[in-house]
Every structure is written in structure tokens, then in C-alpha cells.
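Participant: got a predicted structure plus its sequence, pasted below:
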Amino acid sequence: WRDVGRLADDPDQPYDERLQTFAKAGFKLAAGVPFDTNGYQGMVIYFGNPHAEKEKLRHPANSKFMSNAAQLIGCAAAIQGITEEVKQFREEVADGNWKRLKTKLMMMVRIGGSLGNAARAKEEADRTGRPGINNQSLSQRLLQTSYRFKLTTKEVLCRAKDRLKSRLSRWTKKIRGGSAGIPPRFSYRQCLWTFVGVTTTLTALSRINLWIESESDRRLHLILAPMGSLTTLQYNLSAAPASQPRNTIFAQ
């Protein structure tokens, strides 16, 4: 169980409008229970009574009930996605059947038209005693083929242009941070505390570094480049994962 108000005011967390709304609405306690239903993953958020005892909220029976309920809710959510996929699959099948039927009908019409033209040409040849002449010359056929090729090429280029615009739009939105807002700025008190803490710590480390250099004839050093950013994290973003003691000690 986490405090919604502290999460909303945490400067290390990205700004989230829904979280801020929950905090303003008076929701105090929240717990997230993940679920995984055949690869469909998500999380169910539970809100608790702020006046309830923490022992009751964290009781194993209550935790087991929340976990099983989250799996049940995950099943209901997963079947919604599968239903949409089945609906889309049926639409694709119907569209494919219609395209195949349309192709067959067009072939039948073209074959029937060709046979009718051949019959009329034969009748004309029998009546006039001269062989039938095709109305369309070779140059006209070439012009029609060239025109169709231009239309197909233009359509392909338009589709590629639309895809490129869509990708550039998503990429630009991702660079700007997506839908996450700008986190709130630090107060003057936090800035002053960070400045004093970083200055004092780096001064002490510098003095220790000089003593180590003098004792080792400048063969050993203590100051490292990442220590500046490390001390800033320690005093400014103490809740960040990189500021925790385990990451701090083992990283350096």
C-alpha cells in the first residue's frame, strides 16, 4: 500500500494528471496488483480506507483475495482484446471473400466481352470478306499501360509518404516526452539544501583526496568524475533508484 499524496508530490515521479486528480479527490491509500493472463499483462489498482488498520489491509487473506480478484479482472480484460481480434479476423475473411468474388466476376465479364468481340469480328469478316481489325492500336495500348503504371506508382508513393509522416509524428511526440507533463520545479529550500550539501561533501572528499595523494606519493586518488552527479542525487533526488545505498556503493 502506497500513499497517493506522497506519490503525487514526489519530484522523482513524472507528472501524471490522473494521479494528481486522485490525490486532490481525497484518495489516500492505493495498491497495485499485477496480472498475467496468457501473455495479457496489466495491473489492477485498489484504493483502501485511510482510516483502516494497516495490519488488516496487509493481512495474507486480504492480499490473496486481491490477487485472485486481479486475475479474474485480467481474464475479463483479456477476453475483450481477443474479441476485437476475432471481429477483425472475420472482417478480413469477409473482405477477402468479397475480393475473390469480385475478381471472378470481373474475369467472367472480361472473358464474355472478349468472346462477344471475337464473335462480332468474325461476323463482320464473314459479311465483308475482310479480316476483323482491332479498334485499339498498339500505341493506344502502350499509352493506357503507361497511364496505369503512373497511377500505381503515384499511389505507392502517396502511401509511403503517409507512413513516413506517421512515423515522424510518433517519433517527434516521443522526443517531447509523450503525454507526460513537466515535473514540478524544486523549491528554494530544496535548492539551498542541495547546494550546501553538495559543496560540503565535495570539500570533505577533496581534503581526503589530498591526504591520500600525499601518503601514496600521488599514486592513489579518491575523487572520481561521477561523484559530482552522485552527491547531487543524494541531496536532491533521494527517492530515485540510483540514489539508494546499494546502487551508490556498488556503482562507485
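Facilitator: Sure thing, it's come through.
Participant: quick one: contacts of stretch 63-70?
Facilitator: Stretch 63-70 has contacts (Cβ atoms under 8 Å, 6 or more residues apart in numbering) with A31, V33, P34, F35, M43, V44, Y46. For the C-beta atoms, the positions are set from N, CA and C on the backbone; glycine is no exception.
Participant: how about a cut-off of 6 Å?
Facilitator: V33, F35, V44, Y46 (Cβ atoms under 6 Å, 6 or more residues apart in numbering).
Participant: contacts only, for the first one.
Facilitator: This points to V33. With Cβ under 6 Å, 6+ apart, V33 has these contacts: V44, M66, S67, A70.
Participant: any regions of this protein where pLDDT drops low?
Facilitator: 108-150, 177-183, 223-225, 252 (pLDDT under 70).
Participant: can you pull out the helices in it?
Facilitator: 4-9, 17-25, 54-57, 60-128, 138-175, 188-215, 227-236, 245-251 (DSSP state H).
Participant: export the ones you listed to TSV and tack on distance to G39?
Facilitator: Formatted as TSV, the helices of the chain follow (distance: least, Cβ to Cβ, whole Å):
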stretch	distance to G39
helix 4-9	28
helix 17-25	26
helix 54-57	30
helix 60-128	9
helix 138-175	24
helix 188-215	43
helix 227-236	36
helix 245-251	31
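Participant: could you check how many residues crowd around F195?
Facilitator: Using other Cβ atoms under 10 Å, F195 has 13 other residues around it.
Participant: can you check L7 too?
Facilitator: L7, neighbours per other Cβ under 10 Å, totals 16.
Participant: so which of the contacts of V33 comes closest to G81?
Facilitator: The closest of the contacts of V33 to G81 turns out to be V44 (Cβ to Cβ; 15.8 Å).
Participant: pretty sure that closest one is touching L72, no?
Facilitator: No: between V44 and L72 there is no contact under Cβ atoms under 6 Å: 9.4 Å.
Participant: quick one, which of the two is more surrounded?
Facilitator: V44 (18 against 13).
Participant: just give me the neighbour total for the nearest residue to the more buried one once chain neighbours are set aside.
Facilitator: Of all residues not flanking V44 in the chain, A70 sits nearest, at 4.1 Å (Cβ to Cβ, 6 or more residues apart in numbering). As a burial measure, A70 scores 21 neighbours (other Cβ under 10 Å).
Participant: report the separation between A70 and A204.
Facilitator: Taking Cβ to Cβ, to the nearest Å as the measure, A70 falls 49 Å from A204.
Participant: same question, L101
Facilitator: Distance from L101 to A204, by Cβ to Cβ: 83 Å.
Participant: could you do L192 as well?
Facilitator: Applying Cβ to Cβ to L192 and A204 gives a distance of 19 Å.
Participant: please apply the same query to V196.
Facilitator: 13 Å.
Participant: please apply the same query to S187.
Facilitator: 26 Å.
Participant: same check on L151?
Facilitator: Counting by Cβ to Cβ, the gap from L151 to A204 is 76 Å.
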